[in-house]
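S.K.: Quick one, fold the following:
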Amino acid sequence: MEIKRDSSVEEWEAALGAQVRRARLIEDVDQASLAERANVSVGALANLEHGRGARVQTLIRVCRALGREDWLASLEPERARSPLALARAQERSHEPRRASNRRRS
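M.R.: Just a heads-up that it's a prediction; the model follows:
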């Protein structure tokens, strides 16, 4: 199944579930065994594989049980801005923080 950026949530769930199912079959593991290894119910695993919605916790446990932590690691976290970049941005939008002691004539 080809997935595009503008695909619906349901299409993404189905594609992700198909990938999990494919990985399970490549490992030659039945659903009951994988569910036990992942510490999830067979129903939760079936829902994940069929794109019927699943908790993130289920996905994480199943990925770990399949040895596919790389899938999780590929979900790159948002990059934090460096302190230097934050200081430079603050300098550019400098607003007075207090009144100056300069006297106006």
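
S.K.: Gly51 and Pro83, how far apart?
M.R.: 42 Å (CB to CB, to the nearest Å). All C-beta atoms are positioned from the backbone trio N, CA, C, and that covers glycine.

S.K.: what pLDDT does the residue most central in space within the chain get?
M.R.: Among the residues of the chain, the one closest to the centroid is Leu75, at 4.7 Å (CA atoms, centre = their mean). Here, the pLDDT recorded for Leu75 equals 77.

S.K.: what are the phi and psi angles of it?
M.R.: With angles defined as degrees, to the nearest 10, Leu75 sits at phi -80, psi 80.

S.K.: where do the helices sit along the chain?
M.R.: Secondary structure of the chain (DSSP state H): helices located at 9-26, 31-38, 42-49, 56-65, 69-73, 83-92.

S.K.: For the shortest one, what is the distance to the chain centroid?
M.R.: For helix 69-73, the separation from the chain centroid amounts to 9 Å (computed by CA atoms, centre = their mean, to the nearest Å).

S.K.: Tell me which residues are up against that helix.
M.R.: Gln19, Ile60, Cys63, Arg64 (CB atoms under 8 Å, 6 or more residues apart in numbering).

S.K.: before we move on, what about stretch 25-36?
M.R.: By CB under 8 Å, 6+ apart, stretch 25-36 touches Arg24, Arg37, Ser41, Val42, Ala44, Leu45, Ala46, Glu49, Val62, Ala65, Leu66.

S.K.: mind listing what's buried in the worst-scoring helix or strand of the chain on mean pLDDT?
M.R.: Taking mean pLDDT, DSSP states H and E as the measure, the chain has helix 83-92 as its least confident helix or strand, at a mean of 74. For helix 83-92, burial by neighbour count (16 or more other CB atoms under 10 Å) applies to no residue.

S.K.: For that helix, give me every contacting residue.
M.R.: Contacts for helix 83-92 (CB under 8 Å, 6+ apart): Arg81.
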